[in-house]
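Peer 1: sequence-free structure coming up:
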């Protein structure tokens, strides 16, 4: 399962334009039973900056604990939505209307939106808590701002949309009825074997 997940994320990353924004899971921390903090890192490509209203969406964050979304600064606001009509969804994924999306919106001053290209810029500290620790690949969407060339149509201060895949929490799989039957049968056989051992010892 882990190999399939990593392969899906790698394939989506290869499909993204060179230098585009990337969202990755940077860590999962346990806070106790059924309480796990998922922290994400983003990277702005050399041609990217942000302006007020630019945003990052992580789709279908399963097991979201109400009120737990967090951001690294007052320049980024975090909210949740059941659907994100203004966002695009990576091909091969969908926006489940029953599972919240994490939406991070930049509200600070213009940053790297002209004069590029620059070195890639990493930012950390976006995330939320989930009741689940199992993981699966799902979609992300970013809306950023191009920073070059200045004073040209399609250059600085035009929009950049990026789609990709990112790791999110998911509910553990529920065993099939046939699997439950096999498990129950196995427990029954184990119980009978234990009873026989006890009977044999008692009569010896």
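Peer 2: Received it, and whenever you're ready, just let me know what you need. Keep in mind it's a predicted model, so treat the numbers as computed, not measured.

Peer 1: switch to C-alpha atoms for all contacts and neighbour counts from now on
Peer 2: OK.

Peer 1: tell me what residue 41 is bridged to.
Peer 2: residue 24, residue 124 (DSSP bridges).

Peer 1: just give me the neighbour total for residue 85.
Peer 2: When neighbours are defined as other C-alpha atoms under 10 Å, residue 85 has 9 of them.

Peer 1: ugh, typo on my part, it should be residue 69
Peer 2: Residues lying near residue 69 (other C-alpha under 10 Å) number 22.

Peer 1: excluding sequence neighbours, find me the nearest residue to it.
Peer 2: Nearest residue to residue 69, sequence neighbours excluded (C-alpha to C-alpha, 6 or more residues apart in numbering): residue 128, at 4.1 Å.

Peer 1: distance between the strand or helix carrying the one you found and the chain's centre?
Peer 2: Following DSSP states H and E, the helix or strand that holds residue 128 is strand 121-130. The chain centre lies 10 Å from the centre of strand 121-130; the measure is C-alpha atoms, centre = their mean, to the nearest Å.

Peer 1: ditto for stretch 110-120
Peer 2: 26 Å.

Peer 1: only the buried residues of that stretch, if you could.
Peer 2: For stretch 110-120, a neighbour-count test (16 or more other C-alpha atoms under 10 Å) marks 112, 113, 114, 116, 117, 118 as buried.

Peer 1: again, but for stretch 21-31
Peer 2: 21, 22, 23, 24, 25, 28.

Peer 1: quick revisit: packing partners for the strand holding residue 128?
Peer 2: strand 35-44, strand 101-106 (3 or more C-alpha pairs under 8 Å, 6 or more residues apart in numbering; DSSP states H and E).

Peer 1: mean confidence score for that strand?
Peer 2: Mean pLDDT, strand 121-130: 97.

Peer 1: for the most centrally placed residue in the chain, helix, strand, or coil?
Peer 2: Most central in the chain under C-alpha atoms, centre = their mean is residue 168, positioned 3.5 Å from the mean C-alpha point. At residue 168, secondary structure determined by DSSP: H, G, I helix; E, B strand; the rest coil is strand.

Peer 1: is it true that residue 51 touches residue 147?
Peer 2: No - at 10.6 Å, residue 51 does not count as touching residue 147 under the criterion of C-alpha atoms under 8 Å.

Peer 1: any shared contact partners between those two?
Peer 2: When contacts are counted by C-alpha atoms under 8 Å, 6 or more residues apart in numbering, residue 51 and residue 147 have residue 113 as shared neighbours.

Peer 1: can you give the domain ranges for the protein?
Peer 2: Under the assignment automatic domain parsing, the domains of the chain span 2-173, 175-204.

Peer 1: buried deepest among those domains, which one?
Peer 2: Stretch with highest mean neighbour count among the domains of the chain: domain 2-173 (a mean of 18; mean count of other C-alpha atoms under 10 Å).

Peer 1: hey, least reliable of the domains of the chain by pLDDT?
Peer 2: domain 175-204 - the lowest mean pLDDT of the domains of the chain, at a mean of 55.

Peer 1: picking up where we left off before, identify the residues contacting the residue nearest to residue 69.
Peer 2: When contacts are counted by C-alpha under 8 Å, 6+ apart, residue 128 touches 37, 38, 39, 64, 65, 68, 69, 70, 102.
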